[in-house]
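J.: here are the coordinates; sequence isn't available:
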Ligand SMILES: Cc1cc2nc3c(=O)[nH]c(=O)nc-3n(C[C@H](O)[C@H](O)[C@H](O)COP(=O)(O)OP(=O)(O)OC[C@H]3O[C@@H](n4cnc5c(N)ncnc54)[C@H](O)[C@@H]3O)c2cc1C
């Protein structure tokens, strides 16, 4: 199938892009890597009046240090760049660990961080990592300037987010990890490169049995990334794996998909919790 007719606009600047979005709102769709948008256009799942190509906006394609040692990643940064950038390895090792799990090299060379966050696929890696890292998502509009939204409140439902139709997602900010930060990224997929059946992104500060913060975020289990709050709180309070597992089973309500029942997803989630438990340095005797 071919896309329905649309007007193509290549943004010459962020201001130009915001003008177009202000004029057309939901009738305009941003083209970043095109790895999700182009198939959606071809299948006529979306039929925008305007496709706004932002690929010339080089200012959105940078990874740079942020205040207080954190990291600022522009919306147009490709998955592949995140996988290999030394500053990401040093300041956001969770992203480094997650990147190879996204699709295949061809998709990773085109797909962007901003596209993945804006799309908000519930089985995608970046949205879960953004929530686990307590990232801030930056949105810009002609009417409102720039505003920041915590990743945890950005994802509102299945492919639904806080982003308004007149807003461009311009970047994502991450805080500097502390000296005792630990991360774990685990994923199970039918084949490597497929979207996750179930995945788990974890960010923690402290040490086993005495975590100051611990954010466990599952993906592939609901309409958005799902934070296992009770399970994380139990681990932070020094609970063993059995208790953490019981908390997880009580709070997680996985949604079946084409291949996995809810029960199978719950089973896989528990398996990933056990693996993350080890990654975080808990003694295996406590399993
Ligand atoms: C075969 C295949 C396998 C894949 N497997 C995975 C996988 O395992 N995990 C995974 O996470 N992804 C996977 N993807 C999706 C891929 O990661 C996409 O790159 C990503 O979802 C969207 O990024 P994009 O830059 O291509 O965005 P696009 O396709 O250009 O856009 C996606 C959506 O976001 C909007 N958008 C894009 N950028 C912005 C912006 N800056 N501001 C506002 N709106 C914006 C677009 O209008 C569109 O609605 C796969 C894709 C393919 C084709």
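T.: Nice, I can see it. Worth saying up front: this structure is predicted, and the values here are computed from it rather than measured.
J.: switch to C-alpha atoms for all contacts and neighbour counts from now on
T.: Will do.
J.: if I look at residue 40, how far off is the ligand?
T.: 8 Å (Cα to the nearest ligand atom, to the nearest Å).
J.: Hmm, residue 48 and that residue touching each other?
T.: No - with contact defined as Cα atoms under 8 Å, residue 40 does not reach residue 48; the gap is 10.6 Å.
J.: Tell me the residues of the chain that contact the ligand?
T.: Residues of the chain found near the ligand (Cα under 6 Å from any ligand atom) are 29-37, 75, 102-103, 107, 111-112, 114-116, 118-119, 124-125, 168-170, 193-195.
J.: Going through those, which ones are buried?
T.: 29-37, 75, 102-103, 107, 111-112, 114-116, 118-119, 124-125, 168-170, 195 (16 or more other Cα atoms under 10 Å).
J.: how about the helices of the stretch 101-250 of the chain, start to end?
T.: 105-110, 113-119, 125-132, 151-154, 229-236, 241-251 (DSSP state H, counting those that start in this stretch).
J.: if I pick residue 32, what's in contact with it?
T.: Neighbour list for residue 32: 53-55, 76, 111-112, 114-115 [criterion: Cα atoms under 8 Å, 6 or more residues apart in numbering].
J.: Can you read off the pLDDT for the residue nearest to residue 79 when sequence neighbours are not counted?
T.: Take residue 79 and drop its neighbours on the chain: the residue closest to it by Cα to Cα, 6 or more residues apart in numbering is residue 108, 4.9 Å away. Listed pLDDT for residue 108 reads 97.
J.: wouldn't residue 124 be in contact with residue 198 here?
T.: No - Residue 124 is beyond contact range of residue 198, at 9.9 Å (criterion: Cα under 8 Å).
J.: circling back to that earlier point, identify, from the contacts of residue 32, the entry nearest to residue 205.
T.: residue 114 (26.7 Å; Cα to Cα).
J.: what sits against residue 178?
T.: Residue 178 neighbours (Cα under 8 Å, 6+ apart): residue 205.
J.: picking up where we left off before, how far away is the residue nearest to residue 79 from residue 255?
T.: Note on residue 108: its distance to residue 255, by Cα to Cα, to the nearest Å, is 27 Å.
J.: same question, residue 178
T.: 35 Å.
J.: repeat for residue 49
T.: 34 Å.
J.: and the biggest helix by length in the chain, what other elements does it pack with?
T.: Secondary structure of the chain read by DSSP state H shows that its longest helix is helix 262-279. Counting contacts by 3 or more Cα pairs under 8 Å, 6 or more residues apart in numbering; DSSP states H and E, helix 262-279 packs against strand 181-188, strand 198-207, helix 241-251.
J.: Touching both of residue 124 and residue 198, which residues are there?
T.: Joint contacts of residue 124 and residue 198 (Cα under 8 Å, 6+ apart) are 219-220.
J.: Please enumerate the strands of the stretch 1-150 of the chain.
T.: 7-10, 28-31, 50-53, 63-65, 71-74, 136-141, 145-150 (DSSP state E, counting those that start in this stretch).
J.: so who does residue 252 touch?
T.: Contacts of residue 252 by Cα under 8 Å, 6+ apart are 228, 266.
J.: Renumber starting at 37 from here on
T.: All set: I'll call the first residue 37, so the last point we hit is now residue 288.
J.: quick one: it and residue 233, what's the gap?
T.: Taking Cα to Cα as the measure, residue 288 falls 15 Å from residue 233.
J.: From the centroid of this structure, which residue is nearest?
T.: residue 163 (1.6 Å; Cα atoms, centre = their mean).
J.: That residue - nearest residue in space that isn't next to it in sequence?
T.: residue 153 (5.7 Å).
J.: same deal with residue 170?
T.: Per Cα to Cα, 6+ apart, closest to residue 170 is residue 187, 6.3 Å.
J.: Test my guess that the one you found contacts residue 165.
T.: No - assessed by Cα under 8 Å, residue 187 is found out of contact with residue 165, at 9.3 Å.
J.: The closest residue to residue 311 other than its chain neighbours: neighbouring residues, count only.
T.: Sequence neighbours aside, residue 222 is the residue nearest to residue 311 in space, at 7.6 Å (criterion: Cα to Cα, 6+ apart). If you count neighbours by other Cα atoms under 10 Å, residue 222 ends up with 21.
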